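In: need coordinates for the below:
(2 chains)
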Protein chains: 2
Amino acid sequence: MEHLKISCAQRVIFECITLQDSESVDLAMSLGRVLSENIFANRDLPPYDVSAMDGFAVRSADLFNLPATLVIIEDIKAGDMSTLTVGRGQCARIMTGAPMPRGADAVIRVEDTREISHDTVQITIAVKACHDVRPQGENMREGDVVLTKGTEITPGVIGVLATVKAAKFSVYRRPRVAILSTGNELEAIGDPVNPNKIPDSNTYALMAQVQALGITPAMLGIARDDPAELEQFLKIGLEYDVLLVSGGTSVGVHDYVRPTIEGLGVEMKFWRVAIKPGHPLAFGKTDKTFVFGLPGNPVSSMVCFEEFVAPALRRMMGNTKQYRRTVTARLAHAVKMRPGRTEFVRVQLSADDAGYIASSTGTQSSGVLLSMARADGLLVLPSACSGFEAGAQVTVQLLDGTVFQECPGFKE
Amino acid sequence: MEHLKISCAQRVIFECITLQDSESVDLAMSLGRVLSENIFANRDLPPYDVSAMDGFAVRSADLFNLPATLVIIEDIKAGDMSTLTVGRGQCARIMTGAPMPRGADAVIRVEDTREISHDTVQITIAVKACHDVRPQGENMREGDVVLTKGTEITPGVIGVLATVKAAKFSVYRRPRVAILSTGNELEAIGDPVNPNKIPDSNTYALMAQVQALGITPAMLGIARDDPAELEQFLKIGLEYDVLLVSGGTSVGVHDYVRPTIEGLGVEMKFWRVAIKPGHPLAFGKTDKTFVFGLPGNPVSSMVCFEEFVAPALRRMMGNTKQYRRTVTARLAHAVKMRPGRTEFVRVQLSADDAGYIASSTGTQSSGVLLSMARADGLLVLPSACSGFEAGAQVTVQLLDGTVFQECPGFKE
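Out: Numbers count the residues shown, from 1 in each chain, chains lettered A, B, ... in the order given. The predicted structure follows:
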């Protein structure tokens, strides 16, 4: 059976998936969403030339001979409009953000002055015109597009949206995601401990991976190894935008997932990818649902989610940065592998003056979820190589957070 | 007036703040929280030796002469218990995760076999004992501490919590955070546009920065430059665990914040830090509230939040990684600065084969919030330097996500 390269599998997925519809969202609920409309400036900002500092608005020409003693004719606060014109030998006390008075062309910050009396100040430095003045429209000009469709809403973007008073705007809808685990061996979290069963961790690890993208998934539970029960669960799952099925897609003879899923009209695009851990990875679609078949092994399931599902969900939500950010690190120890599949090794990162150092979290068995819990990142071993020596420069995908980038950033 | 070094200010803050109390949380709501108790394994996992592959459970000694033809005596699914003993020349069909039958000591994956009839299989490779067998307790042993107090709850950790069936557990409480903007010049988001006013972006940018840490803040609104009104707002704010006040802490004569805040019994620890943008940064405390005075300039406010408030809030919630992750990048162009304060330059990151390249987002005026909206990170210019040449190796704090690390990772 053919094993697709990771990049091929990603391309197949990206060719299938579609951008979500738009919906309106309140500013206070918009963090992490993606704009589906351009946002325009509703004013010039600053609306006029303003001071960039707390200090004195002066005529720069008055500072030719130092120290210069100037008469303070006015106090201008932010939010005030000045009424007087600063003449030769005069200045105005001014606060950060306050409008420049007529006549003045520069600001001297208070630290570079000495007040001689209530209405005279000594200036000890010379500056050029425009010094510490923020010109009208420096921040934005009315009618300008300040944020383009496709912008991910970070705290800085929220600041800009508040600046143009966008209290409500359009973003791409989040996909509705359902999670289904399969297998007789699984024990639900509420069941009593049975040593012959395996606790179902995939449902919750996948839940958290979906939550980390800002989506609250529906958890369908555990379908037993019975075609009728499985079909019933899959039918519910196919009501969602995206269905994640973990377990049941390997080549074992007791797997009913493949025939059942195809029987429900899911057009399967691939069943195998050259990735370790995690190669029994499947993807298909109906008219309205994208279906991912994830490996039953907990680590494999999580790695496949990060490499295939997360980028797909992020693309559906309009994100242009779909992949986990990669950094370069030095290997703390040699790593060996069997060539043929791109391998993802769970690593912890430390740092010294020369940069990051990656070291394995321990056993890389795909059943040992603790290695994933301890990992800061995934070290990527390209499929053609047979390992790296200690000290080699390697690529690590960061796992500890939600930092994404535009390209995968590693060689397969 | 003394300007504290950033690390000094951080130390003062860290000496004052206290870890939050614990509260109980449901597994499904726990992503991003920090455990305030140790979590123990409630069973051996795997509960017995299991197959790591779909294939055949064999006696490795039978594979001395290849190809070996073995009689299939049983099918073992995950969740089944085998009843037979694999004898010489025999094997069992076995699925990933299924218990190893007595007598067998290794697994041959299905890809390395050829089924000759329904009950005989030809094995084409030899393996050692234990090959593709996951031993009992490999993942965890009953009674082991699997997760320690202080662990941040990532998706991998959630998988482990589900594995030990921790449906509810103790985490550090999130602090209650209030946000107050100050200044006559500010226009609330619901107000009509007034060219003499400045839209209040700080309230919303700070809101989003707090939300990014998993905390829903209370937004108190805008206090005008009137001591009585300010006092009223501050009194409300001092009912919270943390109060963020933006604006009003600079040295301008019209600032009432300092006397009003001290009049309410807030013990101020510092008012100035050697940071740009953002040096009017204050910190103080009462019996129950930590108060941050943030600069009124939008970019300054956001940068000070990232450098001081976010680490403090994360430490209060029990996070051991408090600082934004740093990467090394090459400068795309020269950067100049005036020595004396540690400077944070908003940059975009691109990458080539040699690593990250940092380039300025444009004007670095602290009034231009768009530069923050466009930034992937903050380039750190140590206070002693006067700039860097194009091509220099520099340190960049990543902004685009919630990736944190244990140490600041840069030289001041």
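In: quick one: the strands in the stretch 51-200 of chain A, in order.
Out: A:55-58, A:68-76, A:90-94, A:106-109, A:113-117, A:120-123, A:133-134, A:145-147, A:168-172, A:177-182, A:186-187, A:198-199 (DSSP state E, counting those that start in this stretch).
In: quick one: these as JSON lines, columns for mean neighbour count too.
Out: Backbone N, C-alpha and C define where each C-beta goes, glycine included. Below are the strands of the stretch 51-200 of chain A laid out as JSON lines (neighbours: other CB atoms under 10 Å in any protein chain shown):
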{"stretch": "strand A:55-58", "mean neighbour count": "28"}
{"stretch": "strand A:68-76", "mean neighbour count": "18"}
{"stretch": "strand A:90-94", "mean neighbour count": "27"}
{"stretch": "strand A:106-109", "mean neighbour count": "24"}
{"stretch": "strand A:113-117", "mean neighbour count": "14"}
{"stretch": "strand A:120-123", "mean neighbour count": "18"}
{"stretch": "strand A:133-134", "mean neighbour count": "24"}
{"stretch": "strand A:145-147", "mean neighbour count": "19"}
{"stretch": "strand A:168-172", "mean neighbour count": "19"}
{"stretch": "strand A:177-182", "mean neighbour count": "26"}
{"stretch": "strand A:186-187", "mean neighbour count": "22"}
{"stretch": "strand A:198-199", "mean neighbour count": "26"}
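In: among those, which is nearest B:Thr326?
Out: Closest approach to B:Thr326 among the strands of the stretch 51-200 of chain A is made by strand A:145-147 (27.1 Å; CB to CB).
In: off-centre distance for stretch A:312-325?
Out: Its chain's C-alpha centre and that of stretch A:312-325 lie 8 Å apart, by CA atoms, centre = their mean, to the nearest Å.
In: circling back to that earlier point, in TSV: the strands of the stretch 51-200 of chain A, plus mean pLDDT.
Out: Formatted as TSV, the strands of the stretch 51-200 of chain A follow (pLDDT from 0 to 100):
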stretch	mean pLDDT
strand A:55-58	96
strand A:68-76	94
strand A:90-94	95
strand A:106-109	95
strand A:113-117	92
strand A:120-123	95
strand A:133-134	92
strand A:145-147	95
strand A:168-172	98
strand A:177-182	96
strand A:186-187	90
strand A:198-199	88
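In: mind putting the ones you listed into a markdown table with distance to B:Gly183?
Out: As requested, the strands of the stretch 51-200 of chain A are exported to a markdown table (distance: least, CB to CB, whole Å):
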| stretch | distance to B:Gly183 |
| --- | --- |
| strand A:55-58 | 17 |
| strand A:68-76 | 14 |
| strand A:90-94 | 14 |
| strand A:106-109 | 18 |
| strand A:113-117 | 23 |
| strand A:120-123 | 24 |
| strand A:133-134 | 16 |
| strand A:145-147 | 22 |
| strand A:168-172 | 25 |
| strand A:177-182 | 43 |
| strand A:186-187 | 58 |
| strand A:198-199 | 55 |
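In: in JSON lines, list those along with distance to chain B.
Out: Shown next, in JSON lines, are the strands of the stretch 51-200 of chain A (distance: least, CB to the nearest CB, whole Å):
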{"stretch": "strand A:55-58", "distance to chain B": "9"}
{"stretch": "strand A:68-76", "distance to chain B": "7"}
{"stretch": "strand A:90-94", "distance to chain B": "7"}
{"stretch": "strand A:106-109", "distance to chain B": "9"}
{"stretch": "strand A:113-117", "distance to chain B": "10"}
{"stretch": "strand A:120-123", "distance to chain B": "12"}
{"stretch": "strand A:133-134", "distance to chain B": "5"}
{"stretch": "strand A:145-147", "distance to chain B": "6"}
{"stretch": "strand A:168-172", "distance to chain B": "10"}
{"stretch": "strand A:177-182", "distance to chain B": "10"}
{"stretch": "strand A:186-187", "distance to chain B": "8"}
{"stretch": "strand A:198-199", "distance to chain B": "5"}
